[in-house]
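J.: missing the sequence, but the structure's below:
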């Protein structure tokens with residue numbers, strides 16, 4: 001029974017992905033389209049975040065290399081902060097979504113929240129990664 005459920009969920013995810021690709025996000029028509037576009041925007045924001053995190057992590061690694069052994073910890077501190085931030089982001093957006101329980105707008109609200117917070121964190125990481 002469980003493999004069938006997982007297979008069905010996988011097919012639904014594939015269908016949603018195909019739906020997102022077919023939607024004109026410049027002019028979405030249905031709530032399903034708006035949900036797909038919001039999810040696409042969040043996915044792109046997450047890709048940007050990962051790039052900025054990689055740049056910040058690289059700088060922290062270089063910083064650690066230049067410090068005496070006893071003072072190192074920049075990369076680990078950034079990693080720990082990022083992990084904590086992800087937990088915060090996901091919980092905050094889940095909370096926002098609760099305002100729309102049962103509504104078809106809920107996925108869009110959550111995705112827009114994820115995108116908003118992710119873009120803000122990306123800017124924070126870029127500020128860290130820029131040469132001082």
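T.: In hand now; what should we look at? Everything numeric in this text was worked out from a predicted model, so none of it was measured. Numbers count the residues shown, from 1 in each chain.

J.: only C-alpha atoms from now on, for both contacts and neighbour counts.
T.: Fine.

J.: mind listing what residue 114 touches?
T.: Taking Cα atoms under 8 Å, 6 or more residues apart in numbering, we find residue 114 in contact with 42, 89-90, 93.

J.: leaving out sequence neighbours, find the closest residue to the spatially most central residue of the chain.
T.: Nearest to the geometric centre of the chain sits residue 46, at 3.9 Å (Cα atoms, centre = their mean). Leaving aside its sequence neighbours, residue 46 sits nearest to residue 118 (Cα to Cα, 6 or more residues apart in numbering; 6.4 Å).

J.: that neighbour contacts residue 45, correct?
T.: Yes - in this structure, residue 118 is within contact of residue 45 by Cα atoms under 8 Å, at 6.2 Å.

J.: compare these two and say which is more crowded by neighbours.
T.: Neighbours were counted for residue 118 and for residue 45 using other Cα atoms under 10 Å; residue 118 has more, 24 against 21.

J.: so how far is residue 129 from the more buried one?
T.: Computed as Cα to Cα, to the nearest Å, the residue 118 to residue 129 distance reads 16 Å.

J.: try residue 110
T.: The gap separating residue 110 from residue 129 is 28 Å, by Cα to Cα.

J.: higher neighbour count, these two?
T.: residue 110 (24 against 18).
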